[in-house]
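Chemist: could you work out the structure for the sequence below:
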Amino acid sequence: MLLLAAAFLVAFVLLLYMVSPLISPKPLGLPGAHVVVTGGSSGIGKCIAIECYKQGAFITLVARNEDKLLQAKKEIEKHSINDKQAQEKLGPVDMLVNCAGTSVSGKFEDLEVSTFERLMSINYLGSVYPSRAVITTMKERRVGRIVFVSSQAGQLGLFGFTAYSASKFAIRGLAEALQMEVKPYNVYITVAYPPDTDTPGFAEENRTKPLETRLISETTSVCKPEQVAKQIVKDAIQGNFNSSLGSDGYMLSALTCGMAPVTSITEGLQQVVTMGLFRTIALFYLGSFDSIVRRCMMQREKSEIANKTA
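Modeler: Here you go, the predicted structure:
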């Protein structure tokens, strides 16, 4: 009986491998493609623009600060691989990268309601509007990529990120629903979940982080934006729905896959096989995070008692 079940499983896996190429998207060629990057004047967005430009794409940058935008333009042009002229007409958008975003951390009761509204406006609606602008043409042309840059805080809610995590979780829901709509038109969505990354935005975020948030963040290393950008561009070209980095990113993506689409049957099988193990590991992580929060609370209470008795 066991041999029969094993043989059936092997046959099933082989069949899945055979049909896998039929459901995998055709890679998008970047040479000559028009790539639009929002939030492209610094950080991950700028590095994504540079990576695409190095691979031969035409780049349009969108950002709020004109001076930073012009400086980013100069930096990107240093990586030109041909004699393209900036004033050339770029044509329809082949790939949109929604990278504009901001972060505010703080305890739930300490954050103004306007902060929740502002983060949803920038991080979520700031991805909706550009995507609405390009989606119709992409469907008509039967080609396109849309990238939503979320965060690992969009996979796991953490202390101090009640406003930020909510706005990044919302992107995931948008991306899943949109992918189901546009997949028949050969348009593919990628959601990127970068870890803490050495960017100006991350440095600004660290200035106001609660102690608990900072201690939890320090349990993982900080990545370079160039490294994150290369992975995002690679996954977007391949049409992968999920883009993560490192072992922690891989584990989080498997744990939170839920009903998310897969690019290949192989990806789905890996998620099925690893789910139990990763959930066990995740429980240890969650236990350590709870321990950090509890210790900080106890230290704060001791300090308050000491101050009252002094």
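Chemist: any low-confidence regions in the stretch 101-250 of the chain?
Modeler: Within the stretch 101-250 of the chain, no range satisfies pLDDT under 70.
Chemist: which residues in it form helices?
Modeler: For the stretch 101-250 of the chain, the helices defined by DSSP state H, counting those that start in this stretch cover 113-119, 126-141, 162-182, 200-206, 211-217, 225-238, 246-255.
Chemist: between these, which one is closest to Ser105.
Modeler: helix 211-217 (5.3 Å; C-beta to C-beta). Using the backbone N, CA and C atoms, a C-beta is placed for each residue, glycine as well.
Chemist: check what pLDDT Val10 gets.
Modeler: If you check Val10, the pLDDT there is 53.
Chemist: now swap in Leu16 and tell me
Modeler: For Leu16, the pLDDT comes out at 57.
Chemist: who touches Thr162 in this structure?
Modeler: By C-beta atoms under 8 Å, 6 or more residues apart in numbering, Thr162 lies in contact with 108, 111, 116.
Chemist: now a ChimeraX select for only the buried ones of those.
Modeler: In ChimeraX, this line selects whichever of these come out buried by 16 or more other C-beta atoms under 10 Å:
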select :111,116
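Chemist: centre of the chain to stretch 115-134, how far?
Modeler: 15 Å (C-alpha atoms, centre = their mean, to the nearest Å).
Chemist: outside of it, which residues touch it?
Modeler: With C-beta under 8 Å, 6+ apart as the test, stretch 115-134 has contacts from 36, 38, 62, 92-93, 96, 98, 100-104, 106, 144, 146, 148, 162-164, 166-168, 170-171, 174, 178.
Chemist: what's the span of it, first residue to last?
Modeler: 29 Å (C-alpha to C-alpha, to the nearest Å).
Chemist: equivalent analysis for stretch 174-193, please.
Modeler: Distance between the two ends of stretch 174-193: 14 Å, counting by C-alpha to C-alpha.
Chemist: buried ones in that stretch?
Modeler: For stretch 174-193, the neighbour count (16+ other C-beta under 10 Å) marks 174-176, 178-179, 182-183, 186-193 as buried.
Chemist: do the same with stretch 194-202
Modeler: By neighbour count on 16+ other C-beta under 10 Å, the buried set for stretch 194-202 is 194-197, 199, 201-202.
Chemist: what of stretch 278-297?
Modeler: Within stretch 278-297, the residues scored as buried using 16+ other C-beta under 10 Å are 278, 282, 285, 289, 292-293, 296.
Chemist: got JSON lines for the residues you listed, with pLDDT too?
Modeler: Listed next are those as JSON lines, based on pLDDT from 0 to 100:
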{"residue": "Phe278", "pLDDT": "94"}
{"residue": "Ala282", "pLDDT": "94"}
{"residue": "Tyr285", "pLDDT": "94"}
{"residue": "Phe289", "pLDDT": "95"}
{"residue": "Ile292", "pLDDT": "95"}
{"residue": "Val293", "pLDDT": "95"}
{"residue": "Cys296", "pLDDT": "93"}
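Chemist: neighbouring contacts of stretch 223-240?
Modeler: Contacts of stretch 223-240 (C-beta under 8 Å, 6+ apart): 24-28, 30, 43-44, 46-48, 50-52, 55, 95, 97, 145, 147, 149, 188, 190, 192, 194-199, 242-246, 263, 267.
Chemist: show the buried residues in these.
Modeler: Neighbour counting over the contacts of stretch 223-240 (16+ other C-beta under 10 Å) leaves 24-25, 28, 30, 43-44, 46-48, 50-52, 55, 95, 97, 145, 147, 149, 188, 190, 192, 194-197, 199, 242-246, 263, 267 as the buried ones.
Chemist: how much space between the residue nearest to the spatial centre of the chain and Lys183?
Modeler: Against the mean C-alpha coordinate of the chain, by C-alpha atoms, centre = their mean, the closest residue is Ala192 at 2.2 Å. Per C-beta to C-beta, to the nearest Å, Ala192 is found 18 Å from Lys183.
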